[in-house]
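> need a 3D model of the following:
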Amino acid sequence: MVRELNLLEYYSLSFPELADKLDREYYEPYRNICEDAIHSILEMNKTLGTQSPARIYTNFCLNLVFTIKHDITERQSITLPAARALHAKNEEGHDCANCKGACKNLGNEINVNAIAEANNVIIDSLCRLHKLAMPAYLYTQQPEEYKELRYKMLSVYSGLLELFYIEESVLFAAILQLQLHRGKPKEVVPG
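The predicted structure is shown next:
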């Protein structure tokens with residue numbers, strides 16, 4: 001069953017809450033699925049013939065899963081921490097532009113266009129992976145591990161579509177807003 005995605009829920013979160021929610025509900029679970037898939041593929045490849053259709057699928061799958069895991073890990077270890085630091089500076093009203101410290105370039109390492117392009121490459125690769133798969137309706141016997149891997153990759157595909165939509169709709173806008181206001185003191189509303 002498809003669950004309904006409520007983007008308003010994400011828009012209403014503060015940046016730290018948004019980052020935590022994405023990490024908890026998407027990045028960490030999908031990184032774990034990738035690790036599990038890597039282990040499954042390596043075990044499966046021990047029993048498959050080198051030129052079998054299943055082996056071609058699993059080899060492509062292995063490269064793709066490594067890429068997905070790398071991108072997710074990079075978001076967890078670089079993108080979100082840099083954005084959190086930028087958010088903290090903005091909340092403090094710190095003027096990074098006139099600071100003598102090392103924060104002048106804070107947030108510059110976050111390039112949402114590069115992340116969006118990586119997302120597109122991953123989705124395109126997942127579509128190509130689907131075309132490489134042996135059709136389930138064939139009368140040839142498919143190993144149970146192969147069927148499980150196909151199901152896992154379908155789960156990754158649908159989950160990443162949702163994640164990338166949230167990133168492009170909410171996260172990137174929040175990061176760009178943080179970068180735009182870097183070094184500008186918060187406005188004080190007279191009360």
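> buried residues in the helix or strand hosting Val156?
Using DSSP states H and E, Val156 sits within helix 144-166. Neighbour counts over helix 144-166 (16 or more other Cβ atoms under 10 Å) mark 145-146, 149-150, 152-153, 156-157, 160, 163-164, 166 as buried. Where you see a C-beta, it was placed from the backbone N, CA and C, and this is true even at glycine.
> for Leu63, give me its contacts.
Careful, residue 63 is Asn and not Leu. For Asn63, no residue meets the contact criterion (Cβ atoms under 8 Å, 6 or more residues apart in numbering).
> residue ranges with poor pLDDT in this structure?
Residue ranges of the chain with pLDDT under 70: 1-3, 95-98, 101-108, 136-140, 182-191.
> what's the nearest residue to the residue nearest the centre of it if we skip its chain neighbours?
For the chain, the residue nearest the mean C-alpha position is Ile72 (4.6 Å; Cα atoms, centre = their mean). Excluding the flanking residues, the one nearest Ile72 by Cβ to Cβ, 6 or more residues apart in numbering is Arg31, at 4.7 Å.
> and that neighbour, how many residues sit next to it?
If you count neighbours by other Cβ atoms under 10 Å, Arg31 ends up with 19.
> and Thr79, what does it touch?
By Cβ under 8 Å, 6+ apart, the contact set of Thr79 is 110, 115, 175.
> mind running it again at 6 Å?
Applying Cβ atoms under 6 Å, 6 or more residues apart in numbering to Thr79 gives the contacts Ile110.
> now it: how far from Leu176?
13 Å (Cβ to Cβ, to the nearest Å).
> kindly report the same for Ile72.
For Ile72 relative to Leu176 (Cβ to Cβ), the value is 21 Å.
> in three-state terms, label Pro135 for me.
Following DSSP: H, G, I helix; E, B strand; the rest coil, the label given to Pro135 is coil.
> which SSE is Cys34 in?
Using DSSP H and E, Cys34 sits within helix 28-45.
> may I have that helix exported as PDB, CA atoms only?
Coordinates of the C-alpha atoms in helix 28-45 are reproduced here as PDB (Å, rounded to 0.1, in the frame of the first residue of the first chain):
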ATOM      1  CA  GLU A  28      19.800   5.800   8.000                       C
ATOM      2  CA  PRO A  29      17.300   3.100   6.900                       C
ATOM      3  CA  TYR A  30      18.300   3.300   3.300                       C
ATOM      4  CA  ARG A  31      22.000   3.200   4.100                       C
ATOM      5  CA  ASN A  32      21.300   0.000   6.100                       C
ATOM      6  CA  ILE A  33      19.300  -1.400   3.200                       C
ATOM      7  CA  CYS A  34      22.200  -0.700   0.900                       C
ATOM      8  CA  GLU A  35      24.700  -2.400   3.300                       C
ATOM      9  CA  ASP A  36      22.400  -5.400   3.500                       C
ATOM     10  CA  ALA A  37      22.000  -5.500  -0.300                       C
ATOM     11  CA  ILE A  38      25.800  -5.400  -0.800                       C
ATOM     12  CA  HIS A  39      26.200  -8.400   1.500                       C
ATOM     13  CA  SER A  40      23.400 -10.300  -0.300                       C
ATOM     14  CA  ILE A  41      24.900  -9.500  -3.700                       C
ATOM     15  CA  LEU A  42      28.400 -10.600  -2.800                       C
ATOM     16  CA  GLU A  43      27.000 -13.900  -1.400                       C
ATOM     17  CA  MET A  44      24.800 -14.400  -4.400                       C
ATOM     18  CA  ASN A  45      27.600 -13.700  -6.900                       C
END
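> thank you kindly, that will do.
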